[in-house]
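Novice: Predicted model, plus sequence, below.
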Amino acid sequence: MKFVSLEEAKQASGLRLTFVANAPSPWGEAVKGMLKTKNIPFTATLYNSGDPANKALVEWTGEDSAPSAMYEDEASRSGWAEILLLLERLQPAPSLIPTDPEQRALMFGLSHEICGEMGLGWSVRLLMADFALDPHVDYPIPPEMGQYLGAKYGYRPGIGPEATRRVTDVLTMLSTRLKDQQAQGNRFLMGENVTALDFYWATFCALMKPLPPEQCKIMDVLRAAFEFPNPAIEQALDPALIEHRDFMYDEYLGLPMVLA
C-alpha cells in the first residue's frame, strides 16, 4: 500500500481514504482488508493524531480522526457502516453483507457490538483512559493520552468495570457464535461465506492481543498498553477467536500490516 500527501489525495479522482499512521486502528485496518478482498482501486493518505498539520485534513474530511472515505464529489463518510456500504456499492462482488434480510440485520447488529458506540473497540478505549488516569496504576501511556481518549470516548470516573463487562460480553458472544458455526461445518462467523463481521473481529482483536512485532510494527508503549493485564478479558478471549483472527489475516487481510 502506498500513501500520498494530503494534496495529492485531494486532487485524485475516485475513492480516497485516510488511515491512522503508525498504529493498527482497527476501524481502518478492517477497511484495508475489505479493499484488498474486493480489489477496489483507491488513493490513501495518513492521519497523524495530534499533528497541527491535520487542520487541512479535518477541513477536507470533517473528522479529526480516521478512517474517512471520500468518493468523487460525494459527502465524506467516517462511520464504519457508511464506509462498508460504499465499498459494497463500488464493488458488489464478493459481497461482505448477507443477502438474506434477517442475516443482514444480524450482521450489522453484531458488527455494531464490535465497532459502534460502547461496543468492543469503544469500551477498550475507555479502559485505556481509565488505566491512564488512575494514579495507582502503572500504565504504559501517560495521563495526557488518557485525557485525549477520555474526551473522545466519553470517559467518566468509575466506568472501568462497566467497560470491562461490555468487552467480555462481546467476546463471549462472538466465541459462542464462532463455535456454533464451526459445529455446523461453517468457517465464518455468519456461515459459509466471509462477511464484514469477520474482518471487524480480526482487526479489533489487536486492541487486546496485537499481532507479533514482525507482523505489526507498532510503538513499544502502544503494544504494552494493548497487552496490559486484564484477567477478565484474558479469560474471555477464547483461543478459537485468536485462531479465527489468524485465519482472516492469512487468507484475506494480508501480512505484514502496512501502517505508514
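Specialist: Okay, I see it.
Novice: Was I right to think Ala56 contacts Ser5?
Specialist: No - Ala56 lies out of contact with Ser5 (Cβ atoms under 8 Å); the separation is 10.4 Å. In short, each C-beta sits where N, CA and C put it, glycine included.
Novice: For Gly119, give its distance to Asn186.
Specialist: 23 Å (Cβ to Cβ, to the nearest Å).
Novice: Between those two, tell me which one has more neighbours.
Specialist: Comparing Gly119 with Asn186 by other Cβ atoms under 10 Å, the one with more neighbours is Gly119, at 20 against 14.
Novice: now for the least confident helix or strand in the chain by mean pLDDT, which elements pack on it?
Specialist: Across the helices and strands of the chain, mean pLDDT, DSSP states H and E gives its lowest value to helix 54-61, namely a mean of 90. Judged by 3 or more Cβ pairs under 8 Å, 6 or more residues apart in numbering; DSSP states H and E, the packing partners of helix 54-61 are helix 6-11, strand 43-47, strand 68-71.
Novice: I'd like the ones you listed as TSV, with mean neighbour count, mean pLDDT and distance to Glu29 appended.
Specialist: Formatted as TSV, the helices and strands packed on helix 54-61 follow (neighbours: other Cβ atoms under 10 Å; pLDDT from 0 to 100; distance: least, Cβ to Cβ, whole Å):
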stretch	mean neighbour count	mean pLDDT	distance to Glu29
helix 6-11	14	95	19
strand 43-47	21	96	12
strand 68-71	23	98	14
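Novice: so Glu192 touches Gln182, yeah?
Specialist: No - assessed by Cβ under 8 Å, Glu192 is found out of contact with Gln182, at 11.8 Å.
Novice: The two: which is more packed in?
Specialist: Neighbour count, other Cβ under 10 Å: between Glu192 and Gln182, Gln182 has more, with 15 against 10.
Novice: so which strand or helix has that one?
Specialist: Element membership for Gln182 (DSSP states H and E) is helix 160-183.
Novice: Counting by contacts, list what that helix packs against.
Specialist: So helix 160-183, by 3+ Cβ pairs under 8 Å, 6+ apart, packs with helix 101-115, helix 120-133, helix 231-236, helix 239-248.
Novice: got the angle for whichever helix or strand comes after it vs helix 120-133?
Specialist: Once the chain leaves helix 160-183, the next helix or strand it forms, by DSSP H and E, is helix 196-204. Orientation of helix 196-204 against helix 120-133 (axes from the mean of the first three to the mean of the last three Cα atoms, to 10 degrees) gives an angle of 20 degrees.
Novice: who's in contact with Thr168?
Specialist: Neighbour list for Thr168: 232-233, 235-236 [criterion: Cβ atoms under 8 Å, 6 or more residues apart in numbering].
Novice: Output those residues as JSON lines; include the columns distance to Tyr155 and neighbour count.
Specialist: Shown next, in JSON lines, are these (distance: Cβ to Cβ, whole Å; neighbours: other Cβ atoms under 10 Å):
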{"residue": "Ala232", "distance to Tyr155": "19", "neighbour count": "13"}
{"residue": "Ile233", "distance to Tyr155": "18", "neighbour count": "20"}
{"residue": "Gln235", "distance to Tyr155": "24", "neighbour count": "11"}
{"residue": "Ala236", "distance to Tyr155": "22", "neighbour count": "20"}
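Novice: Looking at the residues you listed, which one is closest to Ser175?
Specialist: Comparing the contacts of Thr168 against Ser175 with Cβ to Cβ places Ala236 closest, at 7.5 Å.
Novice: residue contacts, that closest one?
Specialist: Residues counted as contacts of Ala236 (Cβ under 8 Å, 6+ apart) are 167-168, 171-172, 175.
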